[in-house]
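Enquirer: Kindly return the folded structure for what I paste below:
(chains A and B)
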Amino acid sequence: MTPSNTIISYVVKPVLFLLCLIPLLCLVWGALNETLGANPVETMTRETGEWTLRFLLITLLITPARQLFNIPWLIKIRRMLGLFVFFNAVIHFLTYVWFDQFFDINEIIKDIIKRPFITVGFTAFILLIPLALTSNKAMMRRLKKNWQKLHQLIYLIAVLAVLHFIWLVKADYEQPIIYSVILLMLLSYRAYHQRKKAS
Amino acid sequence: MTIIIKKSTDILPSEITPKSIYQERRRFMKQAFASSLLIATDAMLPAWAKRWPDLEAINHNIDDKLTSLEDITHYNNFYELGTGKKDPAANAQKFDPNPWTISIEGECNKQGVFNLEDFIKPYTLQEYIYRLRCVEGWSMVIPWVGFSLADMLKKFEPTSKAKYVEFTTLLDKSRLPGQSRRVLNWPYVEGLRIDEAMNPLPIMAVGLYGDILPNQNGAPIRLVVPWKYGFKSIKSIVKIRFTETQPKTTWNILAPREYGFYSNVNPDVDHPRWSQSSERPIGEPFWKPKRKTEMFNGYGEQVANLYSGMDLTKHF
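Expert: Numbers count the residues shown, from 1 in each chain, chains lettered A, B, ... in the order given. Predicted coordinates for the structure are as follows:
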């Protein structure tokens, strides 16, 4: 069953929007009520980072879900999900800049240059910016074919984001491995599909 | 310098009031005081309310605020009880530290296996307020109860071949369920050079905040070496061995480039993946900036001489 455009615009999207805000609202609530544990900055960084990654994987899931389960209208919610990736990445980055480094530009630059996990995380964040800026209909029209090319950057961003997670772990790789496996499945699906189309 | 040492007379674990009973007494006393004076503070409680009462304070001008008992017991790295920071507290009841024996082995004259009570009986328990700096970049200030490591080691008469001391944590999947996942090379092993071990600062801790060690903090007995990163302060020790060669320590085996044998707190030598120049004191609100990390965690006066002539960027 395909919901009508009205339903999508006035029900599905607003509900989804509110749902997507829940993780951040929980975090803000926790910060105000001091329930983020002994190390609230670590919790904030960790949560915003993981939610960025989760939204990224959910966004990448839209295309396979449309094709495999025959739900073409899902494309209409992809942009919002993609923007939530960017939104969470901004909060994640701000948490680091503000509460971790306290705007110490020298320390931040040193981190970005010297720490591989921060280098890749920062790169992924920078690469997200053009995607967020060109996500509206006007830019889609203006960029035409290049729009799709540009937005294929999301695959590189996803790989960098997962690396960012793997490289910060000390010994227990269970969590980043779960994310890696999901990403690998999503990328292989696309590779397989691409080849099928080519042949 | 940042130590407070309090003295107490020796108390046998068998003489200790069970927790449930003294908690009940404390509650009763609090209520009694509160109703008569409208104030209830721990300071007004009778001495027997605490397990190790009346620890005499020798105050070495400490500037640091004690980390709360809640944070000390709910933010732990004890992978034997789970790799998340809250896991050790959540899994603490699975770990029963009774009975407990400690085996003394290697290059010494008085080897043997001791049960915990006999092992700690000879020593006067004191309170040591030490800073703990984790290699991950956070820190605490913890009021340990324990005794000098050096005093203990000397009792076993190490021979001239004893160049190092190696400590081993209990290996038992049923009591330490985290060991069923091979996250680290179990059992956890740590070590010190003999002159580091003989320094007056390191202690064997059997308690904190005047009470026995909570399971998640390494019950019933652990090492505390305040000028080294926290992972050197090995928990739940069952074996102490004097060795001629440098012990193979757990984190060093896992990632030798990242965790050296010495692992002295050093703001100038970064972990390959993150800076060690500052630290986040646990318990501070999130909008407060981090604090600069001090060389040897602020204990340089007592320990810097142990490393004179050594290149600390090489021997990190």
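
Enquirer: rest of the way, CA atoms for contacts and neighbours
Expert: Noted.

Enquirer: contacting residues for the closest residue to chain A within the stretch 201-316 of chain B?
Expert: At 5.2 Å from chain A, B:Arg273 is the closest residue in the stretch 201-316 of chain B, using Cα to the nearest Cα. B:Arg273 sits next to A:Lys114, A:Arg115, A:Pro116, A:Phe117, A:Trp167, A:Leu168 when contact means Cα atoms under 8 Å, 6 or more residues apart in numbering or on different chains.

Enquirer: which stretches of chain B have low pLDDT?
Expert: B:1-50, B:53-62 (pLDDT under 70).

Enquirer: Recalculate using a threshold of 80.
Expert: Residues of chain B meeting the criterion pLDDT under 80: B:1-64.

Enquirer: rewinding a little: let's see which of the contacts of B:Arg273 end up in helices.
Expert: A:Lys114, A:Pro116, A:Phe117 (DSSP state H).

Enquirer: hmm, back to that, mind checking how far the residue of the stretch 201-316 of chain B closest to chain A is from A:Trp73?
Expert: Distance, B:Arg273 to A:Trp73, using Cα to Cα, to the nearest Å: 44 Å.

Enquirer: mind listing the helices for the chain?
Expert: Going with chain A. A:5-7, A:13-33, A:40-69, A:75-95, A:105-114, A:116-133, A:137-143, A:145-151, A:153-166, A:174-198.

Enquirer: nope, chain B
Expert: Counting by DSSP H, chain B has helices at residues B:19-37, B:69-74, B:87-91, B:116-120, B:149-155, B:194-197, B:250-254, B:300-303.

Enquirer: ok, so of the contacts of B:Arg273, who is nearest chain B?
Expert: A:Arg115 (5.2 Å).

Enquirer: Would you check that that closest one makes contact with A:Leu168?
Expert: No. A:Arg115 is beyond contact range of A:Leu168, at 9.6 Å (criterion: Cα atoms under 8 Å).

Enquirer: on contacts alone, who are the packing partners of the strand of greatest length in chain B?
Expert: In chain B, assigned by DSSP state E, the strand with the most residues is strand B:138-148. The contact analysis (3 or more Cα pairs under 8 Å, 6 or more residues apart in numbering or on different chains; DSSP states H and E) places strand B:138-148 against strand B:126-133, strand B:203-208, strand B:278-281.

Enquirer: got the buried residues for that strand?
Expert: By 16 or more other Cα atoms under 10 Å in any protein chain shown, the buried positions in strand B:138-148 come out as B:Trp138, B:Ser139, B:Met140, B:Val141, B:Ile142, B:Pro143, B:Trp144, B:Val145, B:Gly146, B:Phe147, B:Ser148.

Enquirer: Walk me through which strands it pairs with, and which way each runs.
Expert: Counting by DSSP bridges, the strands paired with strand B:138-148 are strand B:126-133 (antiparallel), strand B:203-208 (antiparallel), strand B:278-281 (parallel).

Enquirer: ok, back up a step: mean neighbour count added to the helices and strands packed on strand B:138-148, as a markdown table?
Expert: Output for the helices and strands packed on strand B:138-148, formatted as a markdown table (neighbours: other Cα atoms under 10 Å in any protein chain shown):
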| stretch | mean neighbour count |
| --- | --- |
| strand B:126-133 | 26 |
| strand B:203-208 | 25 |
| strand B:278-281 | 22 |
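
Enquirer: Tell me which of those strands approaches A:Arg54 most closely.
Expert: In terms of Cα to Cα, the element of the helices and strands packed on strand B:138-148 nearest to A:Arg54 is strand B:278-281, at 27.4 Å.

Enquirer: re the thing from before, contacts for the longest strand of chain B?
Expert: Contact with strand B:138-148 is made by B:64-67, B:72, B:123-133, B:200-211, B:279-282, as judged by Cα under 8 Å, 6+ apart.

Enquirer: Thank you, goodbye.
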